[in-house]
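Enquirer: Predicted coordinates and the sequence they were generated for:
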Amino acid sequence: MTRIDAIARARSYLQSGEFLSELDRRVAYRTESLNAERKSELYAYLRDELTPSLGALGFESRIIDSPSGRSPFLIAGYHESDSAPTVLSYGHGDTVDGMTGEWRDGLDPWTITTIGDRAYGRGTADNKGQHSINMAALRAVKETRGGKLGFNAKFIIEMGEETGSPDLAKVADVQRDALKADLFIGSDGPRLSAQRPTIFLGCRGGVRIHLDVNLREGAHHSGNWGGVLANPATILANAIATLIDGHGRIKLDALKPPRLTNAIRDALADVKVEPTEDEPALSDNWGDDGLSPAERLYAWNTLEVLALSAGNIDKPANAIPGRARAVLQLRFVVGTKVDGIAEVIGAHLAAHGFPMIEVTTAQSFIASRADLDSPWIKWAAASVEKSSGKRPAVLPNFGGSLPNDVFADVLKMPTLWLPHSYPGCSQHAPDEHILLSVTDEALGIMAGLFWDIGELGKPL
């Protein structure tokens, strides 16, 4: 039996209906981690679904409570040889709210429904479908090799990713011996596009920046007081304009990343950001100058205004508001100095005549990426191309945020992310889905990758 046989076996799971039947069973668990009433479902998914599924592959599993008690974790291990490579994989079984009643044609978010190339259901893309693909690929390789993988494998599955993975780093630190591995392979987030397999090496970080202008209690008649009372909304709008201009260009140097290296530019040279018909078109003349869309999205920082508030926009009164608020978000790459960023922004605003603005930060997460010189990157890219016939996009980091720092910085291992969804998958929205064509390709890619790890004999 050969690599080709393993890939064919993995893809046969989808063609026979076996994969979608298994995924339908997993989607049926209403694992909404933001809903306190679903806590028992979080445990049930790990205990009743994943533990026996991994057990059938020879894994020994245990469920661990998080330090905060918010959500459980599953740690599973399979060992063949002390000299063989060990691979750690990650996934999350929790989802956002199901949004029942908001899906197209009355679809049930907790049941798989296939329409054309799409398989709809909450968690299909984020993330039950993705870790199910990896598990199915492992099974195909093991069956093809007559009951052997050729390497050691471990899993950590969390049930709190949609609440920000608050305890993942703590659990990883305590369980570092159980999670020790030569390589991390995770699958989450979307590919660059449905047509192109993608490997990304980390993620951007993020921090929310709250700007508050509190000048007085209540609102005051704009006819009687206009021209003699400072307007907090006007102050706030002009203050934001000192941070970012009307074309999305960051004006405060402290919010910019280090200069792009040649290695990063080379990695992104053949990467094109091309939205599909049902995705928004890229805006012309938007973002910092001298960068390609791929560099802006995957290698640069962005400052976005997420929300603005002053008065009542639905029922505006003829009155000057007493306060105004804004929430901004800085997405940043490795090397950006974000410690003390609130103080830096506050000093900048004060220097521009806005000392009355209170600056605070919240909901921050860390930027991280694998070493671009890691031999695992070229090895994985070659494997993906061999299986799919397509040269994968290799991105220095994902545009969004994932807990890559836990694996790269806490557990200190090379990190590779191979996502199996695509940008238009509607994750976190009604109508979440995976594409069957991408799933078919992904099953083959992962079976080929796991087969090739088994061929190594020892870590790179």
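Expert: Received, thanks.
Enquirer: And the helices in the stretch 151-300 of the chain?
Expert: Ranges of helices in the stretch 151-300 of the chain, per DSSP state H, counting those that start in this stretch, are 168-174, 176-179, 222-225, 232-240, 262-268, 293-298.
Enquirer: what's the spacing between the nearest residue to Asp65 once chain neighbours are set aside and Ser61?
Expert: Excluding the flanking residues, the one nearest Asp65 by CB to CB, 6 or more residues apart in numbering is Pro72, at 5.8 Å. Placement of C-beta: from N, CA and C, glycine included. Distance of Pro72 to Ser61, computed by CB to CB, to the nearest Å: 12 Å.
Enquirer: anything in contact with each of these two?
Expert: Leu46 (CB atoms under 8 Å, 6 or more residues apart in numbering).
Enquirer: who has more neighbours, these two?
Expert: Pro72 (23 against 19; other CB atoms under 10 Å).
Enquirer: Let me see the backbone angles for that one.
Expert: phi -90, psi 170 (degrees, to the nearest 10).
Enquirer: Cross-check the contact I'm expecting between it and Leu46.
Expert: Yes - checked against CB atoms under 8 Å, the pair Pro72 and Leu46 is within contact range at 5.8 Å.
Enquirer: Overlap of the contact sets of these two?
Expert: With CB under 8 Å, 6+ apart as the test, Pro72 and Leu46 both reach Ile63, Met159.
Enquirer: Not counting the one helix or strand Val359 maps to itself, show me its contacts.
Expert: Element membership of Val359, judged by DSSP states H and E, is strand 357-365. Strand 357-365 is contacted from outside by 164, 205-214, 235-236, 239, 338, 341-343, 345-346, 349, 401, 403, 405, using CB under 8 Å, 6+ apart.
Enquirer: Any of the residues you listed buried? List them.
Expert: Using 16 or more other CB atoms under 10 Å as the burial test, the contacts of strand 357-365 include 205-213, 235-236, 239, 338, 341-342, 345-346, 349, 401, 403, 405 as buried.
Enquirer: per-residue pLDDT, the closest residue in space to Asp97 that isn't next to it in sequence?
Expert: Nearest residue to Asp97, sequence neighbours excluded (CB to CB, 6+ apart): Glu32, at 5.4 Å. What the model reports for Glu32 is a pLDDT of 98.
Enquirer: Check the one 4 residues further on too.
Expert: Among the per-residue scores, Ala36 holds a pLDDT of 92.
Enquirer: for the strand holding Val359, the distance to its chain's centre please.
Expert: Strand 357-365 sits 21 Å away from the centroid of its parent chain (CA atoms, centre = their mean, to the nearest Å).
Enquirer: quick one: contacts for Ile75?
Expert: Ile75 touches Ser61, Arg62, Ile64, Lys154, Phe155, Ile156, Gln175, Ala178, Leu179, counting by CB under 8 Å, 6+ apart.
Enquirer: Could you do Ala137 as well?
Expert: Taking CB under 8 Å, 6+ apart, one finds Ala10, Leu443, Met446, Ala447, Leu449, Phe450 in contact with Ala137.
Enquirer: Same list (those residues) but as a markdown table, adding pLDDT, distance to Leu149 and neighbour count.
Expert: As requested, the contacts of Ala137 are exported to a markdown table (pLDDT from 0 to 100; distance: CB to CB, whole Å; neighbours: other CB atoms under 10 Å):
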| residue | pLDDT | distance to Leu149 | neighbour count |
| --- | --- | --- | --- |
| Ala10 | 98 | 13 | 30 |
| Leu443 | 98 | 16 | 28 |
| Met446 | 98 | 13 | 29 |
| Ala447 | 98 | 11 | 30 |
| Leu449 | 98 | 12 | 23 |
| Phe450 | 98 | 7 | 28 |
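Enquirer: Which of the residues you listed sits closest to Arg122?
Expert: For those, the residue nearest Arg122 by CB to CB is Leu443; the value is 21.2 Å.
Enquirer: which strands and helices sit next to the host helix or strand of the closest one?
Expert: In this assignment (DSSP H and E), Leu443 forms part of helix 436-456. Using 3 or more CB pairs under 8 Å, 6 or more residues apart in numbering; DSSP states H and E, the elements in contact with helix 436-456 are helix 3-15, strand 118-120, helix 128-144, helix 375-388.
Enquirer: so how far is that helix off the chain centroid?
Expert: 21 Å.
Enquirer: mind checking the end-to-end distance for stretch 273-285?
Expert: Start-to-end span of stretch 273-285 (CA to CA, to the nearest Å) is 15 Å.
Enquirer: which of the contacts of Ile75 are buried?
Expert: For these, buried by 16+ other CB under 10 Å: Ser61, Ile64, Lys154, Phe155, Ile156, Gln175, Ala178, Leu179.
Enquirer: Tell me who's in contact with Arg391.
Expert: Counting by CB under 8 Å, 6+ apart, the residues that Arg391 touches are Asp270, Ala381, Glu385.
Enquirer: and with 7 Å instead?
Expert: Taking CB atoms under 7 Å, 6 or more residues apart in numbering, we find Arg391 in contact with Glu385.
Enquirer: Now tell me what touches stretch 178-189 from outside.
Expert: 75, 77, 85-91, 127, 130-131, 133-134, 154, 156, 172, 376, 398, 400, 402, 407, 411, 413-420, 459.
Enquirer: Take it, keep the C-alpha atoms, and write them as CSV.
Expert: Provided in CSV are the C-alpha atoms of stretch 178-189 (Å, rounded to 0.1, in the frame of the first residue of the first chain):
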residue,chain,number,x,y,z
ALA,A,178,2.1,15.6,27.9
LEU,A,179,2.0,18.0,24.9
LYS,A,180,5.7,17.8,24.0
ALA,A,181,6.2,17.4,20.3
ASP,A,182,8.6,18.0,17.4
LEU,A,183,6.0,19.8,15.3
PHE,A,184,2.6,21.5,15.7
ILE,A,185,0.0,21.2,12.9
GLY,A,186,-3.3,23.0,13.4
SER,A,187,-6.3,23.7,11.2
ASP,A,188,-8.4,26.7,11.8
GLY,A,189,-9.3,29.9,10.0
